[in-house]
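Q: I need the structure of the sequence given here:
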Amino acid sequence: NRLIALLATIFADSSPGCTVVTCSVTSEGLSNFLQETLGLQHVRYLKGYANVIGKAKELTESGQANAELAIETSGHCAMKENGYLDDGTYTACKIIGLLARVNKDSNTKKSLLDLISDMKEMEVEEELRMNILDGSLESTSEIFQQASKAIEEKSQTYEGWTLDEDNLEGIRVRVDGTNGGFFMLRQSLHDPLISLQMEGNTKEELQTQVIQPLLEAIDTVPNVKNGLEVSVLEKY
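A: Numbers count the residues shown, from 1 in each chain. Just a heads-up that it's a prediction; the model follows:
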């Protein structure tokens, strides 16, 4: 998130209002920083650097957006000015150049983190991986769809959840009242497992506002309850 935010500050100056394409798991705080603080557009797309880069090229070539930056949380990064090449050396040079400019223009030595101090970062970030008990990819897809539907229905009645309608991968829910908390459920395309990513202010907050209501939602679907490694959630 920090690397994405730092690169975005560069393009906010050189290409105001441009678009940053990231993978689906980036934080709420990053999205708010890109859009509200820097005035950029943020598109979350499918996880995988090839997907993210391909989406940026598609948006630019179609005229839908000026996607200057395509980057995922793994650090894979491509820029329009460099032909959308996945080029870590080019990325590093951009950051080093930014650091040089910051200290040249300032009377006091500054950290790059000063440039993104307005970005809200959550104290706790977790990823829990739950196996599909029968080891089948077919069951993975079926259980994930059923779990997603249960979460969507829960978000309509549970006051602490707001479904992210713009999400393009898995199912993503904002946790109300946490100033940036969220959770996201995704299925693996290659392995029989489902992952839960969540961010919050404290572990206790995640336990009460994500895990507990999520278990309640899962409990309403016997196929999910009995086919998913739910004990991973229960032990958190």
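Q: quick one: find the helix or strand in this structure with the lowest mean pLDDT.
A: Ranked by mean pLDDT, DSSP states H and E, the weakest helix or strand in the chain is helix 88-104, scoring a mean of 93.
Q: and the helix or strand following that helix, what other elements does it pack with?
A: Proceeding C-terminally, helix 88-104 gives way to strand 124-131 as the next helix or strand, assigned by DSSP states H and E. Contact here means 3 or more Cβ pairs under 8 Å, 6 or more residues apart in numbering; DSSP states H and E; on that basis strand 124-131 packs against strand 193-200, helix 203-206, helix 231-234. No exception for glycine: its C-beta is placed from N, CA and C like everyone else's.
Q: run the chain-centre distance for the first one.
A: It refers to strand 193-200. 11 Å (Cα atoms, centre = their mean, to the nearest Å).
Q: check which residues of the helix ranked longest in the chain are buried.
A: Taking DSSP state H as the criterion, the chain has its longest helix at helix 137-157. By neighbour count on 16 or more other Cβ atoms under 10 Å, the buried set for helix 137-157 is 139-140, 142-144, 146-148, 150-151, 154-155.
Q: wait, Asn32 sits on Lys120?
A: Yes - between Asn32 and Lys120 there is a contact at 6.6 Å, judged by Cβ atoms under 8 Å.
Q: neighbour count: these two, which is higher?
A: Asn32 (17 against 12; other Cβ atoms under 10 Å).
Q: where's the more buried one, which helix or strand?
A: Assigned by DSSP H and E, Asn32 falls in helix 28-32.
Q: please save the CA atoms from that helix in CSV.
A: What follows is helix 28-32, C-alpha atoms only, in CSV (Å, rounded to 0.1, in the frame of the first residue of the first chain):
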residue,chain,number,x,y,z
GLU,A,28,-9.6,1.2,2.0
GLY,A,29,-7.1,3.8,3.3
LEU,A,30,-5.1,3.6,0.1
SER,A,31,-8.2,4.1,-2.0
ASN,A,32,-9.3,7.1,0.0
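Q: how far off centre is it?
A: 9 Å.
Q: what mean pLDDT does it get?
A: Per-residue pLDDT over helix 28-32 has a mean of 97.
Q: how about stretch 150-170?
A: Here the average pLDDT along stretch 150-170 is 96.
Q: need the contact partners of that stretch.
A: Stretch 150-170 is touched from outside by 24, 44-47, 144, 148, 171-177, 182, 184-187, 209, 213-214, 216-218, 220-221, 224, with contacts defined as Cβ atoms under 8 Å, 6 or more residues apart in numbering.
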